[in-house]
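> Make a model of this:
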Amino acid sequence: MNSNREIFETWPIPKALTELALPMIFGQLIILVYNLADTFFIGRTNNPLMVAGVSLLLPVFNISITFANLFGIGGGTLISRLMGAKRDSEAKSVSSFCFWLTILSGGIFSLSMYIFMTPILRVLGASDDTLIFARQYTFCVIVIGAVPTILGMTLSNFLRSTGRAKQAGFGVSMGGIINIFLDPLFMFVLLPKGYEVLGAGIATMLSNVIICAYFLTVILSDRGGILSLSLANILTSARNIYEVFAVGVPAAISVTLFDITYIVIDKLASSYGDIPLAAVGIVLKAERLPLNIGIGLCQGMMPLAGYNYSAGNLSRMRESVRFSRLVGLVFGFSSVAMYEIFAPYIMRIFIADPQTVELGTHFLRARSLATPFMFICFHLVNFFQAVGFGGRALALGSARWVVFNIPLLFVMNWLFGMYGIVWTQVVADVMMAALSVWTYHSFEKSHNI
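Below is the predicted model:
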């Protein structure tokens, strides 16, 4: 644990951020690859209906991230701050409290999805042709896999919050690599033709189970560590419970609003037919490379900023925020150039259908322009989560979706049709980035940083 404290307290910021962020970036890249793997292998069938059916699950899967954020980010950021304040015993009880509530919430979510699967998928835009594929994938990934998926993400946050980014990144990476190998095995070898979507769902579910098992093993084997999963430590102070939910609820609401935005996109796109829906589904996954790298960078920044804020080292906190923001923006603008040049080739990786490729190329080039502004938005939301200002994080997250994205989706769709839907992200995030930067500078002034 002393070596972890040195990372937070004495290492130069570029070195500390590299130590904390690189494993998480690598893990996020593997997450991206194995999320894309399902779309890639299903695309090998050259069946847009299968692609569209799997794409419908993205909003449902994001709900699992909501629960992981509630207890993983809410609990994880508090654990970092308690470490910075040298209150290690409280950090132990917080980890136990969040662990058991994660299991309970995941179980309720899984059961609810089993009962209401078909009407939910219908609401999300499933047609008679895509419903069977959406049900196959949902049953494996959510009904059976919800608890290990949510728990794995929560435990990864716990490890990262204590400076053990390498173990967190390795676990995520391992699960992703396994999924890449399991996908073709179940889709094209073990199951008969026509059940490719079911095979992809089984592969994804099994990989999430393996991730969860690894994280449990790492934490339980470190008996003297800061983290506890024991029921004996589940009781924590009312103040700590408040702190978990003060950050966790805004983090969960932000993902929920993000999820609602994707539901709106799916519903609006589905009104133009299954081909545009398939194109949008591929684009929403293909555009995630810079987003996932940005998430990994922020995951490295958060414990560093939260620890030093709690320890009173505000200049070091500010340096970690500014350096991570600079790195993220450089990569964001580089990504825009990459997508503008290689968009058609990226689309052909996933599907050979000419109409889907053509539509997706235009969509991907348009949405990629939002990348640098999008990074500024979620970088500063993550900062406020890290230092315990859940209210400000909620205000920024809510404004992004409720004030800008969702209303603009309807307006832009009404004005410009399908292309208005994909251009909405750029318009919304430019305005939201300006608001986010202003909010952060106000925070700096109020804290004399």
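> elements contacting the helix or strand hosting residue 29?
Assigned by DSSP states H and E, residue 29 belongs to helix 13-43. If contacts are counted by 3 or more CB pairs under 8 Å, 6 or more residues apart in numbering; DSSP states H and E, helix 13-43 sits against helix 2-9, helix 48-55, helix 146-161, helix 165-184, helix 196-221, helix 274-286, helix 288-311, helix 314-350. Every C-beta, even on glycine, is put in place using the N, C-alpha and C of the backbone.
> now the first one: mean pLDDT?
With pLDDT averaged residue by residue, helix 2-9 scores 70.
> Give me the pLDDT for the closest residue to residue 166 other than its chain neighbours.
Spatial nearest neighbour of residue 166, excluding adjacent residues (CB to CB, 6 or more residues apart in numbering): residue 23 at 4.7 Å. For residue 23, the pLDDT comes out at 80.
> could you list every residue that touches residue 23?
Contact analysis of residue 23 by CB atoms under 8 Å, 6 or more residues apart in numbering lists 165, 166, 168, 169, 170.
> where's the residue nearest to residue 29 when sequence neighbours are not counted relative to residue 171, distance?
Spatially, and ignoring its direct neighbours in sequence, residue 29 is nearest to residue 292 (6.3 Å; CB to CB, 6+ apart). Residue 292 sits 16 Å away from residue 171, going by CB to CB, to the nearest Å.
> more neighbours, these two?
A count of neighbours by other CB atoms under 10 Å puts residue 171 above the other of residue 292 and residue 171, at 25 against 19.
> contacting residues around the more buried one?
27, 152, 156, 159, 211, 214, 215, 218.
> Closest one to residue 87 out of those, please.
When the contacts of residue 171 are compared for distance to residue 87 (CB to CB), residue 159 wins out at 18.9 Å.
> Could you count how many residues lie near the residue nearest to the closest one when sequence neighbours are not counted?
Sequence neighbours aside, residue 168 is the residue nearest to residue 159 in space, at 4.1 Å (criterion: CB to CB, 6+ apart). Neighbour count for residue 168, taken as other CB under 10 Å: 25.
> Surely residue 168 and residue 160 touch.
Yes: using CB atoms under 8 Å, residue 168 is in contact with residue 160, at 4.6 Å.
> Now do the shared contacts for these two.
Shared contacts of residue 168 and residue 160 (CB under 8 Å, 6+ apart): residue 24.
> What's the separation between residue 86 and residue 242?
In terms of CB to CB, residue 86 sits 20 Å off from residue 242.
> Can you give me every residue that contacts residue 243?
Contact analysis of residue 243 by CB under 8 Å, 6+ apart lists 74, 78, 81, 388.
> which SSE is the residue nearest the centre of the chain in?
Nearest to the centroid of the C-alpha atoms of the chain, with distances taken as CA atoms, centre = their mean, sits residue 65, at 6.4 Å. In this assignment (DSSP H and E), residue 65 forms part of helix 58-68.
> Which elements pack onto that helix?
Short answer (3+ CB pairs under 8 Å, 6+ apart): helix 58-68 packs on helix 88-123, helix 146-161, helix 238-270, helix 274-286.
> centre of the chain versus the third one, how much separation?
Which is helix 238-270. 11 Å (CA atoms, centre = their mean, to the nearest Å).
> I'd like the average pLDDT over it.
Averaging pLDDT along helix 238-270 gives 80.
> mind listing what's buried in it?
240-241, 243-266, 268-270 (16 or more other CB atoms under 10 Å).
> can you give me the angle that helix makes with helix 274-286?
Relative orientation of helix 238-270 and helix 274-286, computed by axes from the mean of the first three to the mean of the last three CA atoms, to 10 degrees: 140 degrees.
> where does the protein dip in pLDDT?
Under the criterion pLDDT under 70, the flagged ranges of the chain are 1-3, 31, 34-39, 259, 449.
> One more pass at 50, please.
1-3 (pLDDT under 50).
> need the contact list for residue 157.
Residues near residue 157 by CB under 8 Å, 6+ apart: 68, 72, 73, 75, 76, 168.
> Mark which of the contacts of residue 243 are part of helices, please.
Within the contacts of residue 243, residues falling in helices by DSSP state H are 74, 78, 81.
> between those, which is closest to residue 372?
Using CB to CB, the ones in helices among the contacts of residue 243 come closest to residue 372 at residue 74, 28.1 Å.
> Report the separation between the closest residue in space to that closest one that isn't next to it in sequence and residue 12.
Nearest residue to residue 74, sequence neighbours excluded (CB to CB, 6+ apart): residue 248, at 2.1 Å. Residue 248 is 31 Å from residue 12, where distance means CB to CB.
> same deal with residue 112?
For residue 112, the distance to residue 12 (CB to CB) stands at 48 Å.
> ok, those two, which is more surrounded?
residue 112 (15 against 10).
> The residue nearest to residue 29 and residue 27 touch, don't they?
No: applying CB under 8 Å, one finds residue 292 not in contact with residue 27, separated by 9.1 Å.
> for the closest residue to residue 140 other than its chain neighbours, what are its contacts?
Leaving aside its chain neighbours, residue 140 sits nearest to residue 201 (3.0 Å; criterion: CB to CB, 6+ apart). By CB under 8 Å, 6+ apart, the contact list for residue 201 reads 136, 137, 138, 139, 140, 141.
> So what's the residue count around the last one?
By the measure other CB under 10 Å, the count of residues near residue 141 is 25.
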